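Undergrad: coords below, sequence missing:
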């Protein structure tokens, strides 16, 4: 087992900087498209054999130092009793948004083993196949809540913020249920064999720091506290567009803080204290010519040398239009420049 990623998460010395990419299994890969062409996205997420296949693809092709479970952050929200649809060009849709007390009361907190056994079976299958650590994951409660309240993706999060500001008791009741579901889900992933866990707070950056501290952070802390009581696997918290939130995210309890590209990684390291960091190449930098991409990666690695531990990653998910060869160049450059 190549445990370089896990060592970096724990702040231990490594021979080189480990690398993986958010959304490394996905639409930019022809091999993924061949699988996806046979089934719908939700059917793929619910097939352990196919999820195992697409999770393994980037490990076999590029030599990443960690695998991340192929799934979607909204799978647990469907298990809470909501209809979930995926539309090409529009993304996830909840036809019946959660905006009143009756809708919140109808939500159930599911048992992961009963409602999402396909995710746990995928983890067990992957652990038999992988020679690198497996990362399990979930969305963070605030991010998940935005999809339920808005009914899908949003640019301004009007309905979410209206509920936060005008009906805070309703908002907190919803977040408490989502948090209970997410906590149980991640604990089940750890029991099934996930060797690290990441919380994706994709929309945390739309919040003012004081609102993040009140409406998002307590629920992240609760989940991490629950996990600490039952497992010692490393925990990564990624607050996208969260440079202004670092004074708060450092208090979440995670081992590793994921960083987007909107801050110099050296500047972030000086703020996060005794945390390992993950990041933070702009995903679109993968479109740079080879020499310029390698130069940027070398500079990022230099800037990260002061970190307690560093996992090289993109500042968000790899975009579908990325030429696969560019991913190969990046992975090889990280390994070469950091000492492998």
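TA: On my side now, so go ahead. Computed from a predicted structure; not experimentally measured. Numbering: from 1, shown residues only.
Undergrad: going forward, measure contacts and count neighbours with C-alpha atoms only.
TA: Will do.
Undergrad: quick one: contacts for residue 239?
TA: Applying CA atoms under 8 Å, 6 or more residues apart in numbering, we find residue 239 in contact with 200, 201, 202, 203, 204, 205, 249, 258, 259.
Undergrad: pull out the buried residues from those residues.
TA: 200, 201, 202, 203, 204, 205, 249, 258, 259 (16 or more other CA atoms under 10 Å).
Undergrad: I'd like those written out as TSV, with distance to residue 183, secondary structure and pLDDT added.
TA: Shown next, in TSV, are the buried ones among the contacts of residue 239 (distance: CA to CA, whole Å; DSSP: H, G, I helix; E, B strand; the rest coil; pLDDT from 0 to 100):
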residue	distance to residue 183	secondary structure	pLDDT
200	13	strand	98
201	14	strand	98
202	17	coil	97
203	19	coil	98
204	18	helix	98
205	22	helix	98
249	18	helix	98
258	19	strand	98
259	23	coil	98
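Undergrad: from the contacts of residue 239, pick the one nearest residue 216.
TA: Residue 216 has its nearest neighbour among the contacts of residue 239 in residue 204, at 7.6 Å by CA to CA.
Undergrad: who's in contact with that closest one?
TA: Contact analysis of residue 204 by CA under 8 Å, 6+ apart lists 142, 143, 212, 216, 239, 240, 241, 242.
Undergrad: just give me the neighbour total for residue 50.
TA: Around residue 50 sit 19 other residues, with neighbours defined as other CA atoms under 10 Å.
Undergrad: can you tell me the SS state at it?
TA: helix (DSSP: H, G, I helix; E, B strand; the rest coil).
Undergrad: now do the phi/psi pair for the nearest residue to it once chain neighbours are set aside.
TA: Spatial nearest neighbour of residue 50, excluding adjacent residues (CA to CA, 6 or more residues apart in numbering): residue 44 at 6.3 Å. Here is the backbone geometry of residue 44 (degrees, to the nearest 10): phi -60, psi -50.
Undergrad: sorry, back to before: mind listing which of the contacts of residue 204 are in strands?
TA: If you go by DSSP state E, the contacts of residue 204 have residue 239 in strands.
Undergrad: reformat the contacts of residue 204 as JSON lines; add pLDDT.
TA: Below are those laid out as JSON lines (pLDDT from 0 to 100):
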{"residue": "142", "pLDDT": "98"}
{"residue": "143", "pLDDT": "98"}
{"residue": "212", "pLDDT": "98"}
{"residue": "216", "pLDDT": "98"}
{"residue": "239", "pLDDT": "98"}
{"residue": "240", "pLDDT": "98"}
{"residue": "241", "pLDDT": "98"}
{"residue": "242", "pLDDT": "97"}
